[in-house]
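Give me the fold of what follows.
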Amino acid sequence: MTLIDEHTAGRIAELFEALSDPTRVRIIAALAGGELNVRAIAEAIGLSESAISHQLRGLRHRHIVQGRKVGRQVYYSLEDDHIADLYTRGLDHVRHG
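Model prediction:
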C-alpha cells in the first residue's frame, strides 16, 4: 500500500469536490467535446452566461479548465487529458451500474 502526504491528499479531495457539483460536471462534459466559449457552454447546458462564468472561475482556480483569449472572447478547454479521463471513467461507472 502506498501512502500519500496530507498536502497531496488535500489536493485530490479538492479535485473531487470540484467534480461533485452537477453543473460543473455538465460543463466538463461540454468541454470534453472540445473548446467552447461561455455563450456556447451556456446554450449547451441551458444556464445563464453569468452562472457559467462563475463556475468556470472555480474550475480555472482548481486547474480543471483553462482559457485561451482570442480578441475579446475566451475559449475554454479542459486543462489536460486526465480531467477528460476522470469524467469518462465516472460516466462509464454510472452507466455500468
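
what's the helix or strand for the residue nearest the centre of the chain?
Taking C-alpha atoms, centre = their mean, the centroid of the chain lies closest to Ile28, which sits 3.9 Å from it. Counting by DSSP states H and E, the element that carries Ile28 is helix 22-32.

Could you list the residues in contact with that helix?
Applying C-beta atoms under 8 Å, 6 or more residues apart in numbering, the contact partners of helix 22-32 are 18-19, 36, 40-41, 44-45, 47, 51-52, 55-56, 58-59, 64-65, 76-78, 83-84, 87-88, 90-91. Every residue, glycine included, has its C-beta placed from N, CA and C.

helices or strands next to the next helix or strand after that helix in the packing?
The first helix or strand that comes after helix 22-32 along the chain, using DSSP H and E, is strand 36-37. When contacts are defined as 3 or more C-beta pairs under 8 Å, 6 or more residues apart in numbering; DSSP states H and E, strand 36-37 packs onto strand 73-78.
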